[in-house]
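**Student:** take a look and give me a structure for this.
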Amino acid sequence: MPHALVVYNPASGSAADADLWLGSVIHRACEKYTVTVLPMRADTQPDEIFTTIKNDLDLIIAAGGDGTIRFVLGAVAAAKSTVPVGLLPMGTGNQLCRNLGVFDENLLVDTLHESLQIIFTGEPRPIDLGLMNGEYFCVAAGAGPLSDAILLPEQMEKANWKMLAYAGSVLQTFGLEPVMFRITLPHETFKIAAAGIFVTNISDLGIGTLSETADLNDGLLDLCILNPTEFQDYVEMGFRFAGAFVTGEAPYYIRKVSNVTIEATSEPIKLSRLQKVRRRVVTFFGGQSEPASKAEKKVTAMIDGDACGTTPMIISVVPNAVNVIVRKGFGNNTQKQ
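**Tutor:** Have a look, this model is predicted:
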């Protein structure tokens, strides 16, 4: 009998109530598979996915948020395995699942039932992954104040407020000074001030559609540079994180890349009026001016919503890295945006 492995993170969003859904998943999977369950721990190693059982795997089911799914898909990619992976979106953002048509935030839809239907009646589709400083990512790598906003919400906030938790975090970056980045591409290097730089593998990151031509298996990533300078820019991006229900375009620059290196420098930056006002307010209430900058500096690097070291970020695409299960026919005619 074929063998399936269910990997889940007990601390991921609604996955924390595993008693309410895990039995249903196992019961459904047992109709076709012998099932093994692997709850993730803080020290779980990627190779455990393939050493937990002695038999060859025929299916892996990854249940959790973007971080859990990243871990599982990264382990499969590192092992160069072709085993298909089914996705159960149990987190807050579920961004990869949204872009694959697995997750639809609709109160009238039973997400667990719909996801299981896709896993057991769908078809495998190869997708690209990104690789940042040796770590795989499915959704995006980022740096800068807007990237830090994705790291700010606590687990309880995300569980209670969903995407609205990120909207509040974006507004907390209101008026923060941008970072001067050095961007190195295969045939070009340039510097640019930005509040956030994202290298994305998906079209919808929660701040609107980043690229009309974005595709999870086109062999490319999207370099997205954002630099909001006015109050309205921050309001619009906050609402976009809350569900992308406002019109208008975010202030960004897009470029498709196969590899890129992102570094932070401490070169002086011309501030907007809003950013100058914030600096004065912070200096006044803090009682001191901001510390002098060094010649070079590092900022936090983010992948799929988790902190992952600091800049410099050396990023490349890994084409057709893993096989994920999607609805039959998904992506044949139009890419889900």
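
**Student:** longest strand anywhere in the chain?
**Tutor:** The strand that spans the most residues within the chain, counting by DSSP state E, is strand 313-326.

**Student:** name the helix or strand of this structure that has the lowest mean pLDDT.
**Tutor:** Sorted by mean pLDDT, DSSP states H and E, the helices and strands of the chain end with helix 155-161, the least confident at a mean of 45.

**Student:** now the longest strand of the chain: buried residues?
**Tutor:** By neighbour count, with 16 or more other CB atoms under 10 Å as the criterion, the buried positions of strand 313-326 are Met313, Ile315, Val317, Val318, Ala321, Val322, Asn323, Val324, Ile325, Val326. In this view, the C-beta of every residue, glycine as well, is placed from N, C-alpha and C.

**Student:** which of those residues lies at the shortest distance from His27?
**Tutor:** Set against His27, the nearest of these by CB to CB is Ile325 (18.7 Å).

**Student:** isn't that closest one up against Ile118?
**Tutor:** Yes - using CB atoms under 8 Å, Ile325 is in contact with Ile118, at 6.2 Å.

**Student:** hmm, Asn99 and Asp204 touching each other?
**Tutor:** Yes - between Asp204 and Asn99 there is a contact under CB under 8 Å: 5.8 Å.

**Student:** shared neighbours, Ile325 and Ile118?
**Tutor:** Counting by CB atoms under 8 Å, 6 or more residues apart in numbering, the shared contacts of Ile325 and Ile118 are Gly86.

**Student:** pLDDT below threshold where in the stretch 101-250 of the chain?
**Tutor:** Per-residue confidence for the stretch 101-250 of the chain (pLDDT under 70) gives these ranges: 105-108, 150-176, 205-214, 228-250.

**Student:** count of residues packed around Gln45?
**Tutor:** 10 (other CB atoms under 10 Å).

**Student:** now Val317, nearest residue through space, not along the chain?
**Tutor:** Leaving out its chain neighbours, the residue that sits closest to Val317 by CB to CB, 6 or more residues apart in numbering is Leu221, at 5.0 Å.

**Student:** could you pull up phi and psi at that neighbour?
**Tutor:** phi -120, psi 160 (degrees, to the nearest 10).

**Student:** would you list every one of the strands in the stretch 201-337 of the chain?
**Tutor:** Secondary structure of the stretch 201-337 of the chain (DSSP state E, counting those that start in this stretch): strands at 221-226, 252-257, 259-265, 300-303, 306-310, 313-326.

**Student:** out of those, which is closest to Val139?
**Tutor:** Checking those against Val139 by CB to CB gives strand 300-303 as the closest, at 7.9 Å.

**Student:** what is that closest one packed up against?
**Tutor:** Judged by 3 or more CB pairs under 8 Å, 6 or more residues apart in numbering; DSSP states H and E, the packing partners of strand 300-303 are strand 123-132, strand 140-143, helix 145-151, strand 306-310.

**Student:** elements contacting the third one?
**Tutor:** Right, helix 145-151. When contacts are defined as 3+ CB pairs under 8 Å, 6+ apart, helix 145-151 packs onto helix 164-172, strand 196-200, strand 300-303.

**Student:** give me the angle between the helix or strand just after the longest one and strand 221-226.
**Tutor:** Just to be clear, that refers to helix 164-172. Note on helix 164-172: by DSSP states H and E, the next helix or strand toward the C-terminus is strand 179-185. Note on geometry: by axes from the mean of the first three to the mean of the last three CA atoms, to 10 degrees, strand 179-185 and strand 221-226 are set 160 degrees apart in direction.

**Student:** after strand 179-185 comes which helix or strand?
**Tutor:** Counting by DSSP H and E, what follows strand 179-185 is strand 188-194.

**Student:** rewinding a little: which ones are touching the residue nearest to Val317?
**Tutor:** When contacts are counted by CB under 8 Å, 6+ apart, Leu221 touches Asp128, Gly130, Val199, Thr200, Asn201, Lys256, Val257, Ser258, Val260, Ile315, Val317.

**Student:** does the fourth one really touch Leu220, like I thought?
**Tutor:** No - assessed by CB under 8 Å, Thr200 is found out of contact with Leu220, at 10.4 Å.

**Student:** neighbour count winner among the two?
**Tutor:** Neighbours per residue, other CB under 10 Å: of Thr200 and Leu220, the larger number sits with Thr200, 23 against 19.

**Student:** many thanks, I have nothing further to ask.
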